[in-house]
Structures are given as structure tokens and as C-alpha cells.
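[1] Structure of the sequence below:
(4 chains)
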There are 2 protein chains.
Amino acid sequence: MVAAPDPRQRAWARFVTAQAMLLEQIEAAFAEAELPSLAWYDVLWILENTEHGWLRMHDLARKAVVSRSNVTRLVDRMENDGLVERSDCPLDGRGTVCELTAKGRALRAKMWPVYKKQIDTLFGKHLEPREADLISTAFERIIDSSNQRKST
Amino acid sequence: MVAAPDPRQRAWARFVTAQAMLLEQIEAAFAEAELPSLAWYDVLWILENTEHGWLRMHDLARKAVVSRSNVTRLVDRMENDGLVERSDCPLDGRGTVCELTAKGRALRAKMWPVYKKQIDTLFGKHLEPREADLISTAFERIIDSSNQRKST
DNA sequence: ACTTTGTTGTTGCATTTGCAACTAAAAGCG
DNA sequence: CGCTTTTAGTTGCAAATGCAACAACAAAGT
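    Numbering: from 1, shown residues only, chains lettered A, B, ... in the order given. All right, here's what the predicted structure looks like:
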């Protein structure tokens, strides 16, 4: 990698590279522990942190930042494993709601220590709390702006 | 998204979400301009910023942070489009070197303004130079540590 | 009411991607 | 030298992913 002249472009380049490298290692750690992929974890975590414990497919797709078709197959596989359950949305005849099962909850709890260990050693370890806060707020601005772009 | 208690874990969560959202929009911008994907850009950029203008497949894979098999097919497709050229490595009978062609160089130049515009509006715009520098150095530490892990 | 427009979720299809197995060649070692 | 082990690149196969098209329903406009 050659250093880009502009500090923001350099930050971008490292942002992308770092994430690719870390995700690779995190996936490897999950596989090593014979656990599902990060995509599954994300879905489980999103559902668990939802007010009513369920979410419509479309909202799940947006929160997980994947395409609708992808979330359909993702939920297909997870439902097949008994981690989530689909049911018709009572308020909207088109809708389908996806709900976490006890088994799904248990799997997420089992995956978290593995995930946490990777986050800590690969990422958190190299950041002062002050830096972590700065990164948090900066990326929050970026995410918010991106979300606004969508509603436009 | 629920705010994680630990600042580093929150930073991680936003790091992942932000990148997924931005990559999605960048890919959309390339597609809109009828240009290849970011993966191709990365390969072109890496080759262009190499001392001799070429790289061995294995090193290309490491720099682009993709699997060896993936880089094989990636280069297959790009070679098919005349953007790169393969040749045997003179120093190592197993090796293959991948070299950028003039056409590949031209394509990268054509893709850059599209990419730059997205980086600026989606990412750089929301960062002070000071913050960009902090992110650069922080992620550099993370990348270096990850690379060391590999050589161990 | 009814026609038009938009939204939701799923599917067919093509593309991308990784893992494991393989071949060929280098490197290490007695 | 021979023999084993490691490394480089490719391939078969399976899994994941996105786009475009579709059906079902909702919402909006007249």
C-alpha cells in the first residue's frame, strides 16, 4: 500500500483494508469453534436487541445492511436450524415477521465470547478509550448521513 | 442498533456497519457509471503502485485481502478484458506474475474520479483532517498487528 | 369504487467467493 | 543426492450474494 496524499483518503484506504483483514480472522475463529458465520450472528443480535423481539424482513435487511433477497435465504437457513421463526404480519398482508427462538438466543450467547475475544484482541486492544469514542462518533455521523441519503 | 456498553465494542459495531453501507453505495456508483466493481479497482490500484509494475499472484492476494482462489478468477476475468497480463515468474518455476497493461492503467484512471467522489461525499466530508489522521494511525496499528499475526 | 403507483417478500439466474483437493516446483534434511 | 515437507497457483464444488422479475397486497389519486 502506498500512502495516499490526502489524509481522508488514507483513512479510507486503511479503513477498508483493516476491516477486510479483521473480518477474515473473525470468520476463521467462528469456523474454528464450529459456529456459524458472522452474518448469522448479526441477525441474531439484531433480533435480540429489538423492542418486541421480532422484526419484519425488510427492516431486518436494512439493519443488517444486506439485500432483501439475501435476507430471505439467510432466514431460510436459520429457520431451518430452528434459530428464528417466520409468521405473517398481522398488520400488513404483504409482510412477514421474523422472530428469535430460544435456540437462537442460546446460539447467540454461545457465539458472543468467541466474537468478543476477536474484537478485543484484533481491534479494541489497539485503541485508547478516547480514540474509540472518536471513532464511534465519527462513524455515527457517517452512518446517519448515509441513512438520510436513503430516505431522500 | 443498541449502543454497546464498551466504547471499543461500540466503535467496532459502527465500523462494520458504516463500511457495509458505504461499500454498497460505492458499488452502486460504479455500476451506475458502467464501470467494474471495487474489487477490480483494488487490483488495478495495487499493481499500479507496485515498484516494478507487476506482482506475484500470492502477493496480490495478500495485498488485496482476498483468497488465492479468488485472485485467480479475478485475474482470469481481468486478463480476459485485457487489463492485466500473466506471465511465468523467471525466478520461481511455480510462480506467476501479474502485470498491468496500458488498458488497465487507463481504466483505473477512469474509475478514480467516480470512486473519489464517493469517498469524499460519503466518508471524507464527515471527518476533520485531525480525525482522519487519528483514524489512519489507529487502523495502521491494527493492520500491522494483523500482519504480524500472519507471519507467526 | 377503481385504476395506478408503490411496497413487501420470494424466486430464477448469474456472479462472486471460499475451502479443500490437486499438480508442479522449491526448500529443507538425512 | 533422494526423500519429505512446504509453497504457488489452479480447479471442482458448494455456499453466499445481488439483480431483475414476479405475485400479492397496500396506498394514493381520481
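
[2] Show me the shaky parts of chain A.
    A:1-4, A:150-152 (pLDDT under 70).

[3] Now do the strands for it: every range, in order, please.
    A:54-56, A:84-88, A:96-100 (DSSP state E).

[4] near DNA strand C at all, stretch A:31-42?
    Yes - interface with DNA strand C: stretch A:31-42 contributes residue A:31 (Cβ under 7 Å from any atom of the strand). C-beta coordinates here come from the backbone N, C-alpha and C atoms, glycine included.

[5] same deal with stretch A:86-100?
    Yes - using Cβ under 7 Å from any atom of the strand, we find that stretch A:86-100 touches DNA strand C at A:86, A:89, A:92, A:94-97.

[6] Excluding its own residues, what touches that stretch? List them.
    A:44, A:47-48, A:53-58, A:60, A:75, A:79, A:83-85 (Cβ atoms under 8 Å, 6 or more residues apart in numbering or on different chains).

[7] same deal with stretch A:45-52?
    Where contact means Cβ under 8 Å, 6+ apart, the residues beyond stretch A:45-52 that reach it are A:53-55, A:60, A:63-64, A:84, A:98-100, A:104-105, A:108, B:1-2.

[8] Closest one of those to residue B:144?
    residue B:1 (29.2 Å; Cβ to Cβ).

[9] Find the nearest non-adjacent residue to the residue positioned nearest the centre of chain A, please.
    Central residue of chain A (Cα atoms, centre = their mean): residue A:42, 3.8 Å from the mean position. Spatial nearest neighbour of residue A:42, excluding adjacent residues (Cβ to Cβ, 6 or more residues apart in numbering or on different chains): residue A:64 at 5.2 Å.

[10] I'd like to know how far the one you found sits from residue A:74.
    Applying Cβ to Cβ, to the nearest Å, the value for residue A:64 to residue A:74 is 8 Å.

[11] near DNA strand C, which residues of chain A show up?
    Checking chain A against DNA strand C by Cβ under 7 Å from any atom of the strand, the hits are A:24, A:27-28, A:31, A:56-59, A:61, A:68-69, A:71-73, A:75-76, A:86, A:89, A:92, A:94-97.

[12] Show me just the buried residues among these.
    Neighbour-count burial (16 or more other Cβ atoms under 10 Å in any protein chain shown) applied to the residues of chain A next to DNA strand C gives A:56-57, A:59, A:61, A:71, A:75, A:97.

[13] Save the residues you listed as a markdown table, and put in distance to residue A:10 too.
    Shown next, in a markdown table, are those (distance: Cβ to Cβ, whole Å):
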| residue | distance to residue A:10 |
| --- | --- |
| A:56 | 40 |
| A:57 | 39 |
| A:59 | 35 |
| A:61 | 32 |
| A:71 | 34 |
| A:75 | 39 |
| A:97 | 44 |
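
[14] where does chain A come near DNA strand D, residue by residue?
    Going by Cβ under 7 Å from any atom of the strand, the residues of chain A near DNA strand D are A:37, A:39, A:66-70, A:73-74, A:77, A:92-94.
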